[in-house]
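Undergrad: need a structure here:
(chains A, B and C)
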Amino acid sequence: MARYTIQRIVYMVITLFIIATLTFFLMKLLPGSPLQNQEKLTPEQRALILKEYGLDKPVPVQYVQYLGNLLQGDLGVSFQYDNRPVTELIGDRIGPSAQLGFQAIVFGTIVGLVLGIFAAIRHNSWEDYTATVIAVIGISVPSFVLAGFLQYFIGVKLQWLPVAFWEGFKYTIMPTLALSVGVIANIARFMRTEMLEVLSSDYILTARAKGISNAGVVVKHAIRNSLIPVITILGPMAVNLMTGTLVIEKIFAVPGLGEQFVRSIELNDYPVIMGTTLFYSALLIFVIFIVDILYGIVDPRIRLAGGKK
Amino acid sequence: MAKQQYDQLSPEWFQPAPPNVGEQEKINRPSLTFWHDVWLRLRENKAAIAGMIMIVILALLAIFAPMASERSYKAQNLSHAKLPPKVPVLENISWLNLDGKDPNGVDVYKERGVKEYYWFGTDDLGRDLWVRTWYGTRISLYIGLLAAVIDLFIGIAYGGISGYYGGRVDNAMQRVIEILNGIPYLIVVILFILIFEPGIISITLAMVITGWTTMARIVRGQILKLKNMEYVLAARTLGASNSRLIFKHLIPNVMGPIIITTMFTIPSAIFTEAFLSFIGLGIRPPEASLGSLVNEGYKSIQTYPHLIIIPSIVISLLILSFNLVADGLRDALDPKMRK
Amino acid sequence: MKKRFSLFLVLLLALSTFLAACGGGGDDKAQGGESGEKPAEKKEQVLNLLDSSEIPSLDSALATDQVSFIVLNNVMEGLYRLGKDNKPVPGVAESHEVSEDGKTYTFKLRKDAKWSNGDPVTAHDFVFAWKRVLDPKTKSEYAYIMYDIKNAEEVNTGKLPVDQLGVKALDDYTLQVELKNPVPYFVSLTVFGSFMPQNEKFVTAQGDKYGLEANTTLYNGPFVLSEWKHEQGWTYEKNPNYWDKDTVKLEKINVKVVKDTATAVNLYETKQVDRVGLSAEFVDKYKNDKNFKTELEPSLFWLRMNTKNEPLNNVNARKAIAMAIDRQAMVDTLLNNGSIVANFTVPKDFVTGPDGKDFRDANGDLVSYNVDEAKKLWEQAKKELGKDNFTIELLNYDSDSSKKIGEYIKEELEKNLEGLTVNIKQQPFQQKLDLESKMQFDLSFSGWGPDYQDPMTFLDLWTTNNPHNQTGWSNAEYDKLIKDAKTTLLGDLQARWDAMLKAEKIVFEEMPIAPLYQRGLAYLEREYVKDIITHPFGGDYSYKWAYIE
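TA: Got it, this is the predicted structure:
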């Protein structure tokens, strides 16, 4: 296990390096310059300022410089927020995004699991259909539409919760709800499928034949075994949430990372694009790594297969 | 009469019957192919059938409604802009809100002297939303199906190979997926749309370029689980080739998750397209997709709710139907569910 | 079976109770907070506003965007500032003298102007700040706005050392500025953000941190930033060191960052903000509201036409395109925000001539919507070009509002001009500018806002070598008029004015652009908010005179 872990960490570093390289060159393909006032600048003035930033140098030279800075932990300074270090920009804004994402995952997973389990136990009953409908609504209504409705009815009409901003727990409730609907739906659907599969397998029949109570079968065998594959989709889902937060952050005026990232792409703010990309990628790779480790721990068959290699 | 017949009974008639092996082993139920069997089970599932009917209806509307209307999906008429829906007959049922009145109860049609009926109302350029909704459904269905099919092929091939061979191959292939997933999707999509002409194909490809990895991961996971099962071992012992093992034994058994993932790819492709139009990279105007309609309507959520409610309902119905059918198929494909 | 039913129900109920409980918890507080802000109790001088983005920079040498300039206009003060009637009024300068040749300005500074740390604001602060803007190492993107100062361009391009700049502090309170040309609008330039003074000692001490936080910036304006939470908002407080503090009535202004219009409107509805901008969708909802207002900005939008490409190389084709679009309907229904139809290329209510008349009143409408005429011109153009069908590309931004306008223009042109097909090419902002400067388009939807208060900021765009011409249009007479207005006619302002009026007419004889509209702004403002002044350029708003009634 230790050897496997070290091996994976080495792979992770290599992966990150490749991503940094790919993103760097892809970004250089983005048209235009990072200047904010370029609509008013003449080409000569533009060239002058770009030269001061060192952006007139050949791309390979810029790449080497970038890597050098990266190794020292320096992600550069932003163009759009003049002279502000990228590390500081990410540090300032990751908090709300992370909290939002975490709350949505936790809340969404719990509700999703409950819905999925009930739908599976009561297969083809009205509970099943209710859960299906909830899941479908969750997938088919875009989160920004839901957010818009929530904000208008709960925030403006009923005035139960604050309309927007980020000033305490109650400010996080509506964005979390809007964001978690997708999670609920996906988890519920996946859990239902897995549970149905497990419930129809032989060892469940054996367990029943041994006389274990229905509740015992469900709790001890079915749920536990169905949870394993669900773990695998948590990783990609966390990543999907990042795209979701971007819209939600805008609607609820949450000072998060997503909005800033989109803006930096629109404005060609190279250092911020690079920094945020690396940050997201590192996070993602780490999540996948954790998921794989967990998977190995909970499912003995996988570990066995891994050990053989 | 019966008594007389008894007299004619001969002992020779009572010989033991010869063992008729063929007859005993004969299968009485008609022989069914796998897919015939699936269909038999599927059609008992009322929800799935309802879903199928709904998909057919929506697809027919998407194909024929824009053709049948005398108005084009892009014809503008600013003097008819932002009209609420008004449908003959149904306009008399007040709770349906199909009477051409705005949220304040003013009859906009009368106010502006509009004689025509716009069944779904009009948008802010005065385009007929009925035509645009079905035209958009057509585009969305097309994008969804295309993305799902491409995902399916790449995902199965990639995930299948990766999971089956395992070891180094698997490791290398998984790293490629990790790298692909690690590059922010937005950058890839933006580049794609800048490099290629914006249009349905480039949007679909932009979605597929990272979208197939989900399918690949699921197929790989399932194959990893299945490949150590006894029946695979048995087939292998009998000398089955690798490709036969993958395509004849493993893939059919992971069909359930694959179909479910595909059925999720269709709606999620429809939504990714909506998300792309949210950040300004979606379908090119004046074309429409359900996603872009919902997106445009979102701005009018408080002022002209019909602009968002109608496309939202259609998109939800579409996805609900796909889900019901997917569920039915899943159950039907699983022989263990046979009653 | 029954048991299981109820278990499921219990869980559903638990879920909804949880949600309701969260809601209930928020309930009391939300309403408690709100009651403090009811109009009746709104006696205290606190203004609550929204802005659409974080402040990118408080360093006046680096600021490029609307938000930064608004903040700078209220926390800083230059030699002059725009007054209530949008004419420059003395700021740090008490008065100024102009030499006979109009090339040397001598500003007398007031002695009671102070920085927020108590230091006096001196002429040296201006010299330091302006040199910093023009120093190529600063990488200021607005350096060009100072190019009217002697040697400014040479300094900025590195051809001359910074100390050759034609700006001198004769003593602590006298600033002398030498100009390259005697431009008549120089005083109005000094209200612009890039011309704000900077305290050398403080800026040097802060280094890279200057302008990044509320406490790493020094202020000399009516307000100071007391708090700045990045991406969330900032708070202005009245500056006790400001020389004219008796005029300033507001004690505090809270600004929060909200990017979504619907969210902003919802915040207004829940009485958390006093003023909110409206998009077209919301105008319909609020246009009869007593707090609904519109105002006209001096920003113009038009279609650039690439006069190098067929059929736009034909003047009749260009005229036909300009006349075939019903812009009144576009302004009324699509934009719906107080924008007006533009039949000109110098905006309305922007600048008045030496005779006191608005530029627009003098020149009037120079083109108008006329489908019949457009069709006639189009037929003629087709004959002259010897072709019946043309396909042209309309380059557009990818923002929501421009999308709508692009679709509308396409439909209008295709409907009214037979044989014309318009394809829309929508591109992200940067890419669009790139294609535009390479002239890879036929029609391009674009706009322009003024840099200084003179028609020239709009008119010199169309001279032959102007990098923003981007139409390929060139007219010797036009070039001469503009050149004269920039040089020989500076001594005779009326003659200069007439030359500019004539130049605008020439543009419409040859129509390298099809003007579309002058942008308006629709907003809701609570009735107790008074005297927020809107400016046509520089920082958009002044809160110096604003108060709560």
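Undergrad: what sits against the residue nearest to C:Asp244 when sequence neighbours are not counted?
TA: Spatially, and ignoring its direct neighbours in sequence, C:Asp244 is nearest to C:Pro222 (7.1 Å; Cβ to Cβ, 6 or more residues apart in numbering or on different chains). Quick note: C-beta positions are derived from backbone N, CA and C, even for glycine. For C:Pro222, the contacting residues are C:Asn74, C:Val75, C:Glu77, C:Lys238, C:Asn239, C:Tyr242, C:Asp244, C:Lys245, C:Thr247, C:Val248, C:Tyr543, C:Lys544, by Cβ atoms under 8 Å, 6 or more residues apart in numbering or on different chains.
Undergrad: switch the cut-off to 10 Å
TA: Applying Cβ atoms under 10 Å, 6 or more residues apart in numbering or on different chains, we find C:Pro222 in contact with C:73-77, C:81, C:91, C:236, C:238-239, C:242-245, C:247-248, C:250, C:542-546.
Undergrad: among those, which are in helices?
TA: C:Asn73, C:Asn74, C:Val75 (DSSP state H).
Undergrad: adding neighbour count, write these out as a markdown table.
TA: Output for those, formatted as a markdown table (neighbours: other Cβ atoms under 10 Å in any protein chain shown):
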| residue | neighbour count |
| --- | --- |
| C:Asn73 | 28 |
| C:Asn74 | 26 |
| C:Val75 | 27 |
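Undergrad: close to chain A as well: tell me which of those qualify.
TA: Checking the ones in helices among the contacts of C:Pro222 against chain A by Cβ under 10 Å from any Cβ of the partner chain, not one of them is in range.
Undergrad: which one of these is nearest to chain A?
TA: Lowest distance from chain A to the ones in helices among the contacts of C:Pro222 (Cβ to the nearest Cβ) belongs to C:Val75, with 16.2 Å.
Undergrad: next helix or strand past the helix ranked longest in chain A?
TA: When chain A is parsed with DSSP H, its longest helix is helix A:86-121. Where DSSP states H and E defines the elements, the next helix or strand beyond helix A:86-121 is helix A:126-140.
Undergrad: how far off centre is the helix or strand that that following helix is followed by?
TA: Using DSSP H and E, the next helix or strand after helix A:126-140 towards the C-terminus is helix A:143-150. With Cα atoms, centre = their mean, to the nearest Å as the basis, helix A:143-150 stands 19 Å off its chain's centre.
Undergrad: just checking, what packs against helix A:143-150?
TA: Judged by 3 or more Cβ pairs under 10 Å, 6 or more residues apart in numbering or on different chains; DSSP states H and E, the packing partners of helix A:143-150 are helix A:169-199, helix A:224-251, helix B:255-278, helix B:290-298, helix B:306-333, helix C:261-269.
Undergrad: and the angle from the longest one to helix B:306-333?
TA: Looking back up the chat, that one is helix A:169-199. Here helix A:169-199 points in a direction 30 degrees away from that of helix B:306-333 (axes from the mean of the first three to the mean of the last three Cα atoms, to 10 degrees).
Undergrad: buried residues in helix A:169-199, which are they?
TA: A:170-199 (16 or more other Cβ atoms under 10 Å in any protein chain shown).
Undergrad: ok, B:Asn253 touching B:Ile223?
TA: Yes. B:Asn253 is within contact range of B:Ile223, at 9.1 Å (criterion: Cβ atoms under 10 Å).
Undergrad: next, show the common contact partners of those two.
TA: Common neighbours of B:Asn253 and B:Ile223 (Cβ under 10 Å, 6+ apart) are B:Val232.
Undergrad: between the two, which has more neighbouring residues?
TA: B:Ile223 (26 against 19; other Cβ atoms under 10 Å in any protein chain shown).
Undergrad: separation between the more buried one and C:Tyr528?
TA: Note on B:Ile223: its distance to C:Tyr528, by Cβ to Cβ, to the nearest Å, is 69 Å.
Undergrad: also C:Phe186?
TA: For C:Phe186 relative to C:Tyr528 (Cβ to Cβ), the value is 39 Å.
Undergrad: for those two, indicate the residue with more neighbours.
TA: Neighbour count, other Cβ under 10 Å: between C:Phe186 and C:Tyr528, C:Phe186 has more, with 20 against 15.
Undergrad: so where's the chain uncertain?
TA: Chain wasn't specified; assuming chain A. The model of chain A has pLDDT under 70 over residues A:1, A:236, A:239-240, A:242-243, A:299-309.
Undergrad: that was the other one, I meant chain C.
TA: Checking chain C against pLDDT under 70 turns up C:1-43.
Undergrad: what number of residues lie near the residue of it found nearest chain B?
TA: For chain C and chain B, the shortest gap (Cβ to the nearest Cβ) falls at C:Asp398, measuring 3.7 Å. Look at C:Asp398: counted by other Cβ under 10 Å, it has 22 neighbours.
Undergrad: do I have it right that it meets C:Lys404?
TA: No. C:Asp398 is beyond contact range of C:Lys404, at 11.8 Å (criterion: Cβ under 10 Å).
Undergrad: between those two, what contacts are shared?
TA: B:Pro285.
Undergrad: ok, which residues in the stretch 1-150 of chain B are in contact with chain A?
TA: Residues of the stretch 1-150 of chain B lying near chain A (Cβ under 10 Å from any Cβ): B:Asn45, B:Lys46, B:Ala47.
Undergrad: list the contacts for the second one?
TA: It refers to B:Lys46. A:Asn124, B:Leu324, B:Gly328 are the contacts of B:Lys46 under Cβ under 10 Å, 6+ apart.
Undergrad: distance check, it against chain C.
TA: 21 Å (Cβ to the nearest Cβ, to the nearest Å).
Undergrad: among the residues of the stretch 1-150 of chain B next to chain A, name the ones in helices.
TA: B:Lys46, B:Ala47.
Undergrad: which SSE is B:Ile177 in?
TA: Here B:Ile177 is assigned to helix B:167-182, by DSSP H and E.
Undergrad: can you spell out which helices and strands pack onto that helix?
TA: helix A:2-29, helix A:224-251, helix A:270-298, helix A:300-308, helix B:129-165, helix B:200-226.
Undergrad: would you turn those helices into JSON lines with distance to C:Phe344?
TA: Shown next, in JSON lines, are the helices and strands packed on helix B:167-182 (distance: least, Cβ to Cβ, whole Å):
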{"stretch": "helix A:2-29", "distance to C:Phe344": "40"}
{"stretch": "helix A:224-251", "distance to C:Phe344": "37"}
{"stretch": "helix A:270-298", "distance to C:Phe344": "40"}
{"stretch": "helix A:300-308", "distance to C:Phe344": "73"}
{"stretch": "helix B:129-165", "distance to C:Phe344": "36"}
{"stretch": "helix B:200-226", "distance to C:Phe344": "40"}
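Undergrad: among those helices, which is nearest C:Leu47?
TA: helix A:224-251 (24.4 Å; Cβ to Cβ).
Undergrad: returning to what we had before: point out the most buried one among the helices and strands packed on helix A:143-150.
TA: Mean neighbour count (mean count of other Cβ atoms under 10 Å in any protein chain shown) peaks for helix B:290-298 among these, with a mean of 26.
Undergrad: could you export it as PDB, CA atoms only?
TA: Provided in PDB are the C-alpha atoms of helix B:290-298 (Å, rounded to 0.1, in the frame of the first residue of the first chain):
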ATOM      1  CA  LEU B 290     -33.800  24.500 -25.500                       C
ATOM      2  CA  GLY B 291     -30.800  25.500 -23.400                       C
ATOM      3  CA  SER B 292     -30.400  28.900 -25.000                       C
ATOM      4  CA  LEU B 293     -34.100  29.500 -24.700                       C
ATOM      5  CA  VAL B 294     -34.100  28.800 -21.000                       C
ATOM      6  CA  ASN B 295     -31.100  30.900 -20.700                       C
ATOM      7  CA  GLU B 296     -32.600  33.900 -22.500                       C
ATOM      8  CA  GLY B 297     -35.800  33.500 -20.600                       C
ATOM      9  CA  TYR B 298     -34.000  33.500 -17.300                       C
END
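Undergrad: now do A:Ala104 against chain B, distance only.
TA: A:Ala104 is 17 Å from chain B, where distance means Cβ to the nearest Cβ.
Undergrad: which residues touch that residue?
TA: Taking Cβ under 10 Å, 6+ apart as the criterion, A:Ala104 is in contact with A:143, A:172, A:175-184, A:237-238, A:241, A:244-245, A:248.
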